[in-house]
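> prediction below, plus the sequence it came from.
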Amino acid sequence: MLSDLPDHATMHAALLARDPRWEGRAYVCVATTGIFCRLTCPARKPLPENCSFHATVADCLEAGFRPCKRCRPLDREGAGPAVAELMAALEADPGRRWTERDLIAAGHDPSTLRRAFRRHFGMTFLEMARLRRLREGFAALEQGGKVISAQHEAGFESASAFRAAFARLLGRAPSDLRQGQLLLASWIATPLGDMIAVASASHLHLLEFVGRKALPAELRQLEREACGPIGLGRTGPLEQAAAELARYFAGEARGSG
Ligand SMILES: [Zn+2]
């Protein structure tokens with residue numbers, strides 16, 4: 001993801017100043033400790049050469065850094081009550097087809113909301129709600145369901161809308177993913193966003209955020225290496241990855257991560 005953050009010196013000055021204007025918009029990854037922080041973290045500030053700056057927590061995690069236990073960059077109180085309210089509404093009714101009109105009717109300003117969600121999750125609420133529905137459909141396919149019932153499960157208005165949303169994400173139609181292949185893909189939900197994992201019976205080959213532009217190309221690359229198509233389902237390594245992610249985030253919630 002291209003970062004639109006200012007240059008390194010500007011960001012390091014903001015870090016030294018513990019500038020609160022960067023809350024939710026920038027994080028610092030510290031090479032010497034392997035952790036990442038909010039710029040406002042009370043901890044002693046690292047030297048500039050050990051810092052790299054990212055716009056989202058997802059980018060920091062993908063770069064291999066762990067969240068700081070003092071400033072707890074995964075906590076989202078800073079996102080505001082509107083974000084928390086909608087996240088709760090989404091969890092309560094994941095199959096609901098949200099529109100901008102629903103948001104306005106609930107008293108939200110759509111453009112403020114768009115900014116808040118982009119800042120914290122890298123996507124708008126409507127995009128997130130659509131992804132959530134796609135996850136339901138993917139889960140139905142994983143369990144061996146037909147595309148038509150998966151589409152129904154996911155609350156998509158038509159089979160073609162479901163296929164199009166699926167193809168945009170994974171670069172292929174849902175019917176191209178069959179069960180019983182050597183490499184199997186599975187959808188894993190995490191508090192930071194949904195991920196796709198691909199594993200064989202013995203190894204995890206890919207763990208990637210669903211919104212990543214590179215995901216379809218990565219899937220094709222895996223298929224070339226494995227000399228066969230990717231199917232759907234869960235193998236031992238996939239179950240293990242899902243369990244480890246769940247433990248990791250549960251630990252974060254307790255503050256012991
Ligand atoms: Zn910190």
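Okay, I see it.

> show me the contact partners of stretch 214-231.
169-172, 176-185, 196, 198, 200, 205-206, 208-209, 212 (C-beta atoms under 8 Å, 6 or more residues apart in numbering). Every residue, glycine included, has its C-beta placed from N, CA and C.

> just checking: which of those also lie near the ion?
Contacts with the ion are made by none of the contacts of stretch 214-231, judged by C-beta under 5 Å from the ion.

> just the buried ones out of those, please.
Buried members of the contacts of stretch 214-231, scored by 16 or more other C-beta atoms under 10 Å, are 169-170, 172, 177, 181, 183-185, 196, 198, 200, 205-206, 209, 212.

> roughly how far is stretch 178-188 from the heart of the chain?
The chain centre lies 20 Å from the centre of stretch 178-188; the measure is C-alpha atoms, centre = their mean, to the nearest Å.

> stretch 236-255 now?
A distance of 14 Å separates the C-alpha centroid of stretch 236-255 from that of its chain, computed with C-alpha atoms, centre = their mean.

> report the mean per-residue pLDDT for that stretch.
Model confidence over stretch 236-255 averages 74 on the pLDDT scale.

> what does stretch 201-217 give?
When pLDDT is averaged along stretch 201-217, the result is 84.

> can you give me the buried ones in that stretch?
Counting neighbours by 16+ other C-beta under 10 Å, one finds that the buried residues in stretch 201-217 are 204, 205, 206, 207, 209, 210, 211, 212, 215.

> dihedrals phi and psi, the first one?
Taking degrees, to the nearest 10, you get phi -90, psi 120 for the backbone angles of residue 204.

> again with residue 206
Geometry field for residue 206 lists phi and psi as phi -160, psi 140, criterion degrees, to the nearest 10.

> tell me the bridge partners for the residue nearest to residue 233 when sequence neighbours are not counted.
Taking C-beta to C-beta, 6 or more residues apart in numbering as the measure, residue 233 lies nearest to residue 184, with 4.3 Å between them; neighbours along the chain are not counted. When bridges are assigned using DSSP bridges, the partners listed for residue 184 are residue 199, residue 231.

> what pLDDT does residue 184 get?
Looking at residue 184, the pLDDT reads 86.

> hang on, the earlier thing: name the nearest of the buried residues of stretch 201-217 relative to the ion.
Nearest to the ion, judged by C-beta to the ion, of those is residue 209 at 22.7 Å.

> wait, what's in contact with the closest one?
Taking C-beta under 8 Å, 6+ apart as the definition of contact, the neighbours of residue 209 are 58, 62, 192, 193, 194, 195, 215.

> okay, now the first one: neighbour count?
The local packing of residue 58 (other C-beta atoms under 10 Å) involves 19 other residues.

> sorry, back to before: most surrounded residue in the contacts of residue 209?
Neighbour counts for the contacts of residue 209 peak at residue 195, which has 22 neighbours (criterion: other C-beta under 10 Å).
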